[in-house]
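Visitor: I need the structure of the sequence given here:
(4 chains)
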2 protein chains.
Amino acid sequence: MTAPQLSESTEMYLKTMAEMSGREAVAIGRLAERLSVTPVSANEMVRKLDEQGLVTHIPYKGVTLTRKGREAASNVLRRQRLWEVFLYDHLKIEWARIYELACSLEHATAPEVTEALAKFLGNPTNCPRGNPIPDEKGTFTPLNGVALNEIAVGQEVTVLAVNATVTDVLRYLQERNILPGQKIKVLEAAPLQGPLTLQVDGKEVALGLSLAEFVIVE
Amino acid sequence: MTAPQLSESTEMYLKTMAEMSGREAVAIGRLAERLSVTPVSANEMVRKLDEQGLVTHIPYKGVTLTRKGREAASNVLRRQRLWEVFLYDHLKIEWARIYELACSLEHATAPEVTEALAKFLGNPTNCPRGNPIPDEKGTFTPLNGVALNEIAVGQEVTVLAVNATVTDVLRYLQERNILPGQKIKVLEAAPLQGPLTLQVDGKEVALGLSLAEFVIVE
DNA sequence: TGAAATAATAAGGTCAACCATAACATTTTA
DNA sequence: TAAAATGTTATGGTTGACCTTATTATTTCA
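Guide: You can find the predicted model right below:
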């Protein structure tokens, strides 16, 4: 019952899928985009993952993690987010960079290191970006929040998590104080998919819809 | 002047060479052995490293690190040994396993993580196996000890470092209490390259010459 | 409903780091 | 000094994860 040792690439695909989907199927195009590979490559890789029983691919409908795939992904997320905690809380590394730095470490982390790290950190339940950290068995309660772009004008909400992974995006949000715990009021939503105008920390901030999607609130 | 980002394989070759040589050239056969690749593969790889200016290969004479190669190797050793300290002191991981576990992490460690880790650990000067940790610039004072197999019968010495990297070897030594700081008396050296008989912690211990080579003393 | 967007499949290519086998060169040592 | 050991070079092969270009299938939406 030892983990079958997944490749770094496989881990990235599974983790990315877990990060993207509430539960629904992920479009291969989106997946390719997040992984910075071509759709053709993603397709090829997904086929292999399907053969290994890690995902289910229904042509033209998208990809879903199987139970096995979800377990593997939880494991990766656990490592990822534990390292984020370590890098942020103990090494004092810049918030916007912890995702990418933790990502490299994550793939190189043996199970016993993961567990020792969890213990060392005091079994934290959330990473500095606000996302829950799966426990040793892979279980965790998903956040019950909504993306900021779905909030009605006038509402005031609290940021639960920031789901972005790209350093530049994280830095952009950080600079505008859009961080877990922050209270945000939606002042205006421009028409034609235009940006939101938010009140954050007393300041007015414009935020594009695609960025707002990364901000989980309530 | 950013590090040119070496591949994991390149890092392993450089690190292994640094671990093996006091200063003399390393025979390709030995290198291949330590890296668990065939001599043909090692040859091929060494040619590439030579082209990159990281090593100098004199046919039939062996391989030496260039200045550039030595700097890169120091950097790798620094990361490796800092992680060893973390795994041992903070995560309480078994002594014999820290080398291999740190080795995986090492390749995935960005410069800023290395420096933040060093600071977190209080800039330690030696890893739990006793080896010196290069500083940020790559400088360190090599141990001035000798391998245990070169000690005359009757001498009592102190273990400075254990230079082995293979978990099974480390565990074997650990079980016999041959660890940094330990006092050891050489009671007998069997003829024909036979094992040494040692007095360790009041007990008599037999140790093969090839294992004794890993134990740096004085 | 038909065009545009997206997805799938096929064919062929690259790159790093390995592998094996075989022939040949040099060094060591008995 | 000759045989054994070790090192070198050549050739060709594999694997994983990408890539491009091109064709075909399906879905979405105007």
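Visitor: ok, which residues in chain A are in contact with chain B?
Guide: A:87, A:90-93, A:97, A:101, A:104-105, A:107-110, A:112-113, A:116-117, A:119-120 (CB under 8 Å from any CB of the partner chain). No exception for glycine: its C-beta is placed from N, CA and C like everyone else's.
Visitor: mind checking what helix or strand follows the helix or strand encompassing residue A:34 in sequence?
Guide: Using DSSP states H and E, residue A:34 maps to helix A:28-35. Using DSSP H and E, the helix or strand that follows helix A:28-35 towards the C-terminus is helix A:39-51.
Visitor: extract the C-alpha trace of that following helix and format it as PDB.
Guide: Coordinates of each C-alpha in helix A:39-51 appear next as PDB, following Å, rounded to 0.1, in the frame of the first residue of the first chain:
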ATOM      1  CA  PRO A  39      -3.700  21.300 -25.200                       C
ATOM      2  CA  VAL A  40      -2.200  18.500 -27.300                       C
ATOM      3  CA  SER A  41       0.300  17.700 -24.600                       C
ATOM      4  CA  ALA A  42      -2.300  17.800 -21.900                       C
ATOM      5  CA  ASN A  43      -4.500  15.500 -23.900                       C
ATOM      6  CA  GLU A  44      -1.700  13.000 -24.300                       C
ATOM      7  CA  MET A  45      -0.900  13.200 -20.600                       C
ATOM      8  CA  VAL A  46      -4.500  12.900 -19.600                       C
ATOM      9  CA  ARG A  47      -4.800   9.700 -21.600                       C
ATOM     10  CA  LYS A  48      -1.900   8.200 -19.700                       C
ATOM     11  CA  LEU A  49      -3.400   9.300 -16.400                       C
ATOM     12  CA  ASP A  50      -6.700   7.700 -17.400                       C
ATOM     13  CA  GLU A  51      -4.900   4.500 -18.300                       C
END
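Visitor: what segments of chain A are helices?
Guide: Applying DSSP state H to chain A gives helices spanning A:8-20, A:28-35, A:39-51, A:67-85, A:98-106, A:111-121, A:167-175, A:209-212.
Visitor: can you tell me which of the ones you listed the model trusts least?
Guide: Confidence, taken as mean pLDDT, is least for helix A:209-212 of the helices of chain A (a mean of 90).
Visitor: list the buried ones in that helix?
Guide: With burial defined by 16 or more other CB atoms under 10 Å in any protein chain shown, the residues of helix A:209-212 counted as buried are A:211-212.
Visitor: cool, stretch A:194-206 as well?
Guide: Residues of stretch A:194-206 classed as buried: A:195-198, A:200, A:205 (neighbour count, 16+ other CB under 10 Å).
Visitor: leaving out chain neighbours, which residue sits closest to the residue in chain A positioned nearest to DNA strand C?
Guide: With CB to the nearest atom of the strand, the shortest gap between chain A and DNA strand C falls at residue A:29, namely 2.3 Å. Residue nearest to residue A:29 in three dimensions, not counting chain neighbours: residue A:39, with 5.5 Å by CB to CB, 6 or more residues apart in numbering or on different chains.
Visitor: what is the neighbour count of that neighbour?
Guide: Neighbouring residues of residue A:39 were enumerated by other CB atoms under 10 Å in any protein chain shown; the total is 14.
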